[in-house]
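[1] take a look and give me a structure for this.
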Amino acid sequence: MSLPLVLKHSSKAADVVVHYMFMFMDKVLYVWAGVTPHMDSWVMALPPRTEMPSQSATLVRSDDDCVSESLAKRLAKKYNAQVFASCKVPKGMETLQLEVERTIFLFLKQAVAEREDVQTLLKIQDDNK
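    Predicted structure coming up:
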């Protein structure tokens, strides 16, 4: 078992600075994104075992969160890994929510393409990049 790998990123979207943290472990991915250093919700998703969709469970619920569950399910399916996700974006800022999701997928795509340690931890094959 290897130590977790933590990568951090910040970017500006819709005049708001959004902070991201990604933690990679053995077939497990933790993703946090937010404009404040608080984690209000926490969702876990498992990759699909058959043609059925990914299964998820809300571990900590927040009324403000409307993207963590969807995000966790899509990441679990894409990377065939257990995913924990928390995305804290102000309510009513749909454009910012979309930009945050896009940034997460782009950052992960780049990390998988460029970092052998990420590929190893997520057990990514060349055809899944």
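
[2] the host helix or strand of L7 pairs with which strands?
    According to DSSP states H and E, L7 maps onto strand 5-13. Paired strands of strand 5-13, with direction, are strand 16-25 (antiparallel) (DSSP bridges).

[3] just the CA trace of the following helix or strand past the strand it pairs with, in PDB.
    Following strand 16-25 in sequence order, the next helix or strand is strand 28-34 (DSSP H and E). Output of strand 28-34 as PDB, limited to C-alpha atoms (Å, rounded to 0.1, in the frame of the first residue of the first chain):
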ATOM      1  CA  VAL A  28      -9.700   5.700  -4.500                       C
ATOM      2  CA  LEU A  29     -10.000   9.400  -5.500                       C
ATOM      3  CA  TYR A  30     -11.000  12.200  -3.200                       C
ATOM      4  CA  VAL A  31     -12.000  15.500  -4.800                       C
ATOM      5  CA  TRP A  32     -12.800  18.700  -3.000                       C
ATOM      6  CA  ALA A  33     -13.600  22.000  -4.700                       C
ATOM      7  CA  GLY A  34     -14.900  25.200  -3.100                       C
END
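
[4] much appreciated, bye for now.
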